[in-house]
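> Sequence first, then the predicted structure, then my questions.
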Amino acid sequence: MVLGFSIALIVFSLLLMLLVLMHKGKGGGLSDMFGGGMQSSVGGSSVAERNLDRITIVIGLGWFACIIVLGILMKSNS
């Protein structure tokens, strides 16, 4: 059981890193250093960006749940 949740945590972690890196820079951060601040958004956030936000939140919640379950399992095993 612990092994399964550990593997799920690794998968969620990799997906979360990928999804966070896919987000567009909002300005004022490190993304401006690499030229991300030169673009201006006229139409606000697109459907793809909103869906990316939702997917990131769901993956983040799954990641958090895996950490909680692993903590409970580790505590009950010892």
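Yep, it's here. Residues are numbered from 1 along each chain as shown.

> in the protein, which spans are helices?
If DSSP state H is used as the criterion, the helices of the chain fall at 2-22, 47-77.

> any chance of these in JSON lines, plus mean pLDDT and mean neighbour count?
Where C-beta positions appear, they are placed from N, C-alpha and C, glycine not excepted. Formatted as JSON lines, those follow (pLDDT from 0 to 100; neighbours: other Cβ atoms under 10 Å):
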{"stretch": "helix 2-22", "mean pLDDT": "95", "mean neighbour count": "13"}
{"stretch": "helix 47-77", "mean pLDDT": "94", "mean neighbour count": "13"}
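
> mind listing what the most centrally placed residue in the chain touches?
Central residue of the chain (Cα atoms, centre = their mean): Leu16, 3.1 Å from the mean position. Taking Cβ atoms under 8 Å, 6 or more residues apart in numbering, we find Leu16 in contact with 56, 59-60, 63.

> which one of these sits closest to Val47?
Nearest to Val47 among the contacts of Leu16: Thr56, at 14.8 Å, using Cβ to Cβ.

> quick one: the closest one and Val20 touch, right?
Yes: applying Cβ atoms under 8 Å, one finds Thr56 in contact with Val20, separated by 6.7 Å.

> list residues touching both of these two?
By Cβ under 8 Å, 6+ apart, no residue touches both Thr56 and Val20.

> hang on, Phe5 packs against Gly71?
No: look at Phe5 against Gly71 with Cβ under 8 Å: they stay out of range, at 10.0 Å.

> show me what contacts Lys75?
Contacts for Lys75 (Cβ under 8 Å, 6+ apart) come out as none.

> Could you do Leu52 as well?
By Cβ under 8 Å, 6+ apart, the contact list for Leu52 reads 19, 22-23.

> mind redoing it with 10 Å?
Shown in contact with Leu52 (Cβ atoms under 10 Å, 6 or more residues apart in numbering): 19-20, 22-24, 45-46.

> for Ser13, same thing?
59, 63, 66-67.

> Now tabulate the residues you listed in CSV and tack on distance to Phe12.
Shown next, in CSV, are these (distance: Cβ to Cβ, whole Å):
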residue, distance to Phe12
Ile59, 6
Trp63, 4
Cys66, 6
Ile67, 9
